[in-house]
Each structure stands twice: as structure tokens, then as C-alpha cells.
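Novice: Here you go, sequence then predicted model.
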Amino acid sequence: MQRSSERDRGEAVDPASLLDDDGDDRDAVGEASRPTAGSDRASRDRSTGVGRLRGLLPSRPRPLRGSFSARSFLVVLALSLVGVVAGGSIPLVGSVGQFFGLFLVAFVVGAVGSRRRYLEVGLAGAIAAGIAFVLGTLTSVFAPVAVQVLADYGVAIAGVGTGAGLLASLAGHYFGRDLRDGLTREV
């Protein structure tokens, strides 16, 4: 009889059999393979459901895996819209109050939440501020003039609003996370 290492070198191995996750430990001849030095790794791979070759390959990094939550984005977007409306309704402050409302919402989300939500908060703040700037332009000027202003400068107006909203939201979330870190750190 041949040793298993000699048999593996002399015969072609089907690549698909290396990727199988079914746990069948038969070699190319069809005999049940004998225990070898690497058998605990094979049994561990079978128990975890990982194929022989997949266990050896490095995993690919997934930078956005688990970093964006649609549910938290929708909640933060709704809170940001409420913050923009509440901040914009403060007399004598006007549009600056909208950004204060965005900052406050992002600050609370950062201070209360256990996870960092910079992507959700930044995107929600940018969308809420962009909507607020466009609607503010429509309601602040006589309707035919406002439509013409938006037709000429709408993209610039929305861009300024989204950029400022993004910065206000990210700053608020950062300071909220910083406060949470300071409150939860041991002295």
C-alpha cells in the first residue's frame, strides 16, 4: 500500500472536491482515507462546515459589511427631519437653527447609541438639510421667481445645504460619541 502523501502526489485531484462542504472524506480512488497528521484539521473543517481549500484561503476584507443599517438610517433620517423643522421654527434664528437642530439630533444619537453611526447620521443629515434648503428657497421667494431661482441655481443651493448638513451632523455625532466615551470610561 502507498502512503497517503505519495498517493496525493501521483494522482490528479478534482478542484471541485476540495471546495465541497459535504464532509465526505474519500480520496480520488474512492477509498476512505486513513487518518493522517492533518486529520484533526480535516475534522475541524468538517465540524465548522468549511471546505478543505476554503479553510486555507484568506478571507477577503469587507469594509462595508455590517457598517450600514437601513433601519437606523431611516430612524435617524426621521429624527433629522424633525430636528430641521424644530430648529428652523425658532424665531430670529432661521436657517442657522436648522443646523443646530441637526447637530442636536446627531449629538443625541451619538451619546445614546452603543454603536458608531457616522455613515447613517451623515447621510441623513445631508438629505434633511438639502431638502430643507430647497423647500426654504421655494417658500421664501415669490413662487414664479422661486421656480426660476431653483431652475438656475437649484443644484448649488442643494449642494450647499447638503454639505453644511453633513458637516453639522458629523460634528454632532462626533461630540456625542466623545461624551459617551468620557462618561463610560473608568476613572
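Specialist: Arrived safely, thanks for sending.

Novice: So, low pLDDT: which residues of this structure?
Specialist: Applying pLDDT under 70 to the chain flags residues 1-66.

Novice: cutoff 90 now
Specialist: Scanning the chain for pLDDT under 90 picks out the ranges 1-72, 88-96, 113-117, 132-161, 181-187.

Novice: Not counting stretch 68-80 itself, show me its contacts.
Specialist: 102, 105-106, 108-109, 117, 119-121, 123-125, 127-128, 165, 169 (Cβ atoms under 8 Å, 6 or more residues apart in numbering). Where you see a C-beta, it was placed from the backbone N, CA and C, and this is true even at glycine.

Novice: 10 Å - rerun?
Specialist: Defining contact as Cβ atoms under 10 Å, 6 or more residues apart in numbering, one finds that stretch 68-80 is touched by 83, 101-102, 104-106, 108-109, 113, 115, 117, 119-129, 131-132, 165, 168-169, 173.

Novice: biggest helix in this structure by residues?
Specialist: Using DSSP state H, we find that the single longest helix of the chain is helix 143-184.

Novice: who does that helix touch, helix- and strand-wise?
Specialist: Counting contacts by 3 or more Cβ pairs under 10 Å, 6 or more residues apart in numbering; DSSP states H and E, helix 143-184 packs against helix 70-88, helix 95-112, helix 118-140.
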